[in-house]
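Trainee: just a sequence and a predicted model for now, questions to come.
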Amino acid sequence: MSSQIRYTYDFLNSPNAISNASAKDIPTILSIEANVKNIINHALYLETSLAIFEFYESLYRWKRLVTPSCIPAFYYYSVEFDHDEEGAIVSMAPSADQGNIQSIWSDERMNTVFPLDTLVTCLSDLERQLRFDLEAYFDIQLDAFIRHIPYSSPKL
C-alpha cells in the first residue's frame, strides 16, 4: 500500500467466532467485525467498526472489474444502512488519471487527490491482505463464503 494511504484493521471477534461450517450463515457472517482505520498522509481520516466480510466482498467485486483500460469507482455500502440517504461508507472516485478516497463516516473532509494507479494499488493490496488475514485468523477458506456474503451495490 502507498505510504500516503494506509488501511489497518483489528478483528473484534475471537478466532472461533466463524468457521467454514458458517459459510452460508448470513447473520454470523455479518456479525464479524473489525476496527478499521484509514490513514491519509499520516493523518487519521477514518476509524470505525465495519462488518469486515461485507467490506471484503466490496473490495473483491471491485477488484474483479479492474482492467488496465477501465478503473471503476469503488463503493462500500452496508446492508445495515440506507445508502440512498447518505452515500457510500467508503468510496474511491476516479477522475481521468486521478482519484480520492472518501467516507461519509469521517469527521474530516479530505479532498486529497492521488494518482489513480496509487489508489488501485492501495485497494488491491488491501483486498489481498484482508483475504489472507481473514483466512489465517479465522482458519477458513473465503472461497466458500464469497457467494453468500451480503453485498449492497450503488443505486443508480
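Mentor: Perfect, I can see it now.
Trainee: for A34, pull up the helix or strand it's in.
Mentor: Assigning secondary structure by DSSP states H and E places A34 in strand 33-40.
Trainee: okay, now the sheet partners of the very next helix or strand once past that strand, with direction.
Mentor: Scanning the chain past strand 33-40 towards its C-terminal end, the next helix or strand to appear is strand 43-51 (assignment: DSSP H and E). Under the criterion DSSP bridges, strand 43-51 sits next to strand 33-40 (antiparallel) in its sheet.
Trainee: just the CA atoms of the partner strand, as PDB, please.
Mentor: Listed next in PDB are the C-alpha coordinates belonging to strand 33-40 (Å, rounded to 0.1, in the frame of the first residue of the first chain):
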ATOM      1  CA  GLU A  33     -16.400  -7.000  12.700                       C
ATOM      2  CA  ALA A  34     -13.100  -5.200  12.600                       C
ATOM      3  CA  ASN A  35     -12.000  -1.900  13.800                       C
ATOM      4  CA  VAL A  36     -10.800  -0.300  10.500                       C
ATOM      5  CA  LYS A  37      -8.500   2.800  10.300                       C
ATOM      6  CA  ASN A  38      -7.800   4.700   7.100                       C
ATOM      7  CA  ILE A  39      -4.700   7.000   7.400                       C
ATOM      8  CA  ILE A  40      -4.100   9.500   4.600                       C
END
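Trainee: buried stuff in that strand?
Mentor: Within strand 33-40, the residues scored as buried using 16 or more other Cβ atoms under 10 Å are 33-34, 36, 38-40. Bear in mind the C-beta positions are built from the backbone N, C-alpha and C, glycine included.
Trainee: what does the strand holding A34 contact?
Mentor: Contact partners of strand 33-40, identified using Cβ atoms under 8 Å, 6 or more residues apart in numbering, comprise 4-13, 44-52, 55, 90, 101, 103, 106, 110, 112.
Trainee: what does stretch 101-114 give?
Mentor: Applying Cβ under 8 Å, 6+ apart, the external contacts of stretch 101-114 come out as 2, 4-5, 38, 40-41, 43, 45-46, 48, 86-93, 98-100, 119.
Trainee: this completes my enquiry, with thanks.
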